[in-house]
Every structure is written in structure tokens, then in C-alpha cells.
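# Got a predicted structure plus its sequence, pasted below:
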Amino acid sequence: MTFRLFEEKHHASIYQRYRFVPPNTIKDLILQYLDEKKGQPHVLAVDLGCGTGQNSRRLAPHFQEVVGIDVSESQIEEARAVPGFPNVVYRVGTAEDLPFPDNSVDLLTAASAAHWFNQEGFLKEACRTLKPNGCIALFGYTDQDLELHYGSCEDRLTRIYEQTVKSLSPYVSKRVAVANSKLQDLFDAIPFPDKNRIDCIPVEEDISVSNIVGFLETFSYYQAYQKAEPEAASALLTDTQAKFLEAMGVSSPETKMKIRLIYFCVLACKTQ
């Protein structure tokens, strides 16, 4: 079954605030693939492990309907609170038990979520629910490839980030390793012969010091640390922010730096 994490209200609220919106590069790649394999019309996209709906909302202009599904009621509440997307519906549920008829879904997608799925259950549902020539698109980024840039201190900033992540290593779920493998095992298990995995899609954007610290707070393993040692966990974030500011030679946590992420994307088409 799907792992049950990211469920507390506070975690959902910071997830909404600090998690990265999927880049247009990835969205365009997925839509191009769907156009090539299935063609128009694009009726139904299902965003699995949708969290607070960042990816669901990105897809809204391109489908008649988008359904976001997440196991966490708190995440779904946050997603529903965002106005302005009348063709997006959110439901509490799992990737292994989808509430759709056979051969009814154009696109099954997941943003930084597929590593939490039960592989066998998810693929069984994908085979059942996808239309002929419907597509799977699973994407995310890995912890190891993140870089931070500001002036001439970029190496130091990246090391500070890496040291903070390393200090959380006792609390890392084994499922995170699945994401860091770029979903290799899941890719291999997809039963469709028409499939592809793109390993290196660089994306760069601006991020404030406070937001990169908030991003760290959203990690499942930081949340596990916070439950076990709340004072130490809070001190870790405070110390990390102070180190960033010192390295950059600035005082405001709203100062922007560049963050560089390397995304991957697994694409597959149900050809039978």
C-alpha cells in the first residue's frame, strides 16, 4: 500500500508554501509525449500523490478534467483551498485503488511521489485505467544533484545544504532511495514496451534563504526528526539559515539565491 506520510495539517501547509511548482520544462515534455502517443482530445489527467495540488493546477489548462488524488486529507484540504481551477477535483485515495472505470484515463502522472507507491498495485491500476495509447508520466528530482549559487560562495552554500541533509540521514525512509535512483526499478517493471526515462533535465530558479530552509522543513525525514527531537530539529533549521546568511554576507533571509535542480522523468505509453 501507499506509505502514509505528509498527513499533519502543519506539514500540509508548509508543503503548499515551500514545495517547488513543477517547471514548465517538465509539463511541456509530458504534453508533447501525450500528443505524440495519443493525440487530442486530452480529457482526463489523474495526478497521483498530488499533495497540495501544484502539479494538478499546472495541468488544468490542458485537460477537460484533472483529478488530484492523495492519501492525506490535510494535503487535499490545502489543495481545495486554492481558488480559480474549476476543472480540477481533489479526492482522498491511493495510487493502488483508483476510482475510475477501465480505459478511461488519458494521463496518469505523479510529481515527486511515485517512490511512495506500491509498485505492483500502481502498475496494475495503470494497466486497467489508462485508455489505449494513454500515458504514464512520473517525475521528480534527487537530493544529490541540488546546487545553490550566490556570488562566489556557491560551493559553500551547497555544502551547508548537504551537511544539513546528511545530519537528517538517520531518519531517511528507504523509499527516498527509490526516488534517488530515479525510479529505476519502477521503470524496469512498467509492462509497456513503449517507455523512456530522461535522467537529466536541469532547472534553475530563484529562491530566498527563508524558502530553502522552509523547503528542508517539508522533507519527510525532517518531519520524522522533528517528532523525535523537536528542539534539536528546530535548532537545526535556525542554524542552517544562519550559516547561509553568513556565507552570503547578508542579513535578510529574504535575500535570493539561485537553486539548480536536476529533474528526471519516466514516460510510458499503453500501446495495447
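Right, received. Where do you want to start?

# mind checking pLDDT for the most centrally placed residue in the chain?
Closest residue to the average C-alpha location of the chain: residue 112 at 2.6 Å, with Cα atoms, centre = their mean. Model confidence at residue 112, expressed as pLDDT, equals 88.

# now swap in residue 178 and tell me
The model's pLDDT for residue 178 equals 67.

# May I have stretch 79-86 exported as PDB, CA atoms only?
Extracted C-alpha coordinates of stretch 79-86, given in PDB (Å, rounded to 0.1, in the frame of the first residue of the first chain):
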ATOM      1  CA  ALA A  79      -5.300  21.800  -2.400                       C
ATOM      2  CA  ARG A  80      -9.100  22.500  -2.300                       C
ATOM      3  CA  ALA A  81      -8.500  25.900  -0.700                       C
ATOM      4  CA  VAL A  82      -6.700  27.300  -3.800                       C
ATOM      5  CA  PRO A  83      -9.400  29.000  -5.900                       C
ATOM      6  CA  GLY A  84      -9.600  29.500  -9.700                       C
ATOM      7  CA  PHE A  85      -9.400  26.000 -11.100                       C
ATOM      8  CA  PRO A  86     -13.000  24.800 -11.800                       C
END
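
# which residues are in contact with that stretch?
Residues from elsewhere that reach stretch 79-86 (Cβ atoms under 8 Å, 6 or more residues apart in numbering): 16, 50-53, 56-57, 60, 66, 68, 70, 90. In short, each C-beta sits where N, CA and C put it, glycine included.

# Sort out for me which of those are in strands.
Cross-referencing the contacts of stretch 79-86 against strands under DSSP state E gives 66, 68, 70, 90.

# Of all pairs in those residues, which one spans the longest distance?
Farthest pair in the ones in strands among the contacts of stretch 79-86 (Cβ to Cβ) is 66 and 70. Separation: 13.2 Å.

# on that earlier part again, next, give phi and psi for the nearest residue to the residue nearest to the centre of the chain once chain neighbours are set aside.
Using Cβ to Cβ, 6 or more residues apart in numbering and skipping the chain neighbours, the partner closest in space to residue 112 is residue 140 (3.8 Å). Here the main-chain torsion angles of residue 140 (degrees, to the nearest 10) amount to phi 180, psi -170.

# Now do the same contact list for residue 140.
Residue 140 touches 111-115, 179, 182-183, 263-264, counting by Cβ under 8 Å, 6+ apart.

# before we move on, what about residue 138?
For residue 138, the contacting residues are 109-110, 114, 183, 186, 265-266, by Cβ under 8 Å, 6+ apart.

# and which of these is nearest residue 26?
Nearest to residue 26 among the contacts of residue 138 is residue 265, at 6.1 Å by Cβ to Cβ.

# Which helix runs longest in the protein?
helix 230-248 (DSSP state H).

# what helices or strands is that helix leaning on?
In terms of contacts (3 or more Cβ pairs under 8 Å, 6 or more residues apart in numbering; DSSP states H and E), helix 230-248 is packed against helix 154-167, helix 209-217, helix 220-228.

# hmm, 6 Å instead?
helix 154-167, helix 209-217 (3 or more Cβ pairs under 6 Å, 6 or more residues apart in numbering; DSSP states H and E).

# which residue ranges form the helices in the stretch 51-200 of the chain?
Ranges of helices within the stretch 51-200 of the chain are 54-59, 73-80, 119-129, 154-167, 174-180, 184-189, based on DSSP state H, counting those that start in this stretch.

# which stretch among those helices comes nearest residue 271?
helix 119-129 (11.5 Å).

# So what touches that closest one?
Helix 119-129 is touched from outside by 95-96, 98, 100, 102, 105, 108, 136, 186, 189, with contacts defined as Cβ atoms under 6 Å, 6 or more residues apart in numbering.

# Where does the prediction get shaky in the stretch 101-250 of the chain?
When residues are selected by pLDDT under 70, those of the stretch 101-250 of the chain lie in 175-178.

# quick one: the residue nearest to residue 41 when sequence neighbours are not counted from residue 53, how far?
Leaving aside its sequence neighbours, residue 41 sits nearest to residue 64 (Cβ to Cβ, 6+ apart; 7.0 Å). As for residue 64, its distance to residue 53 is 17 Å (criterion: Cβ to Cβ, to the nearest Å).

# Shouldn't residue 21 be within a strand?
No - applying DSSP: H, G, I helix; E, B strand; the rest coil, one finds residue 21 to be coil, outside a strand.
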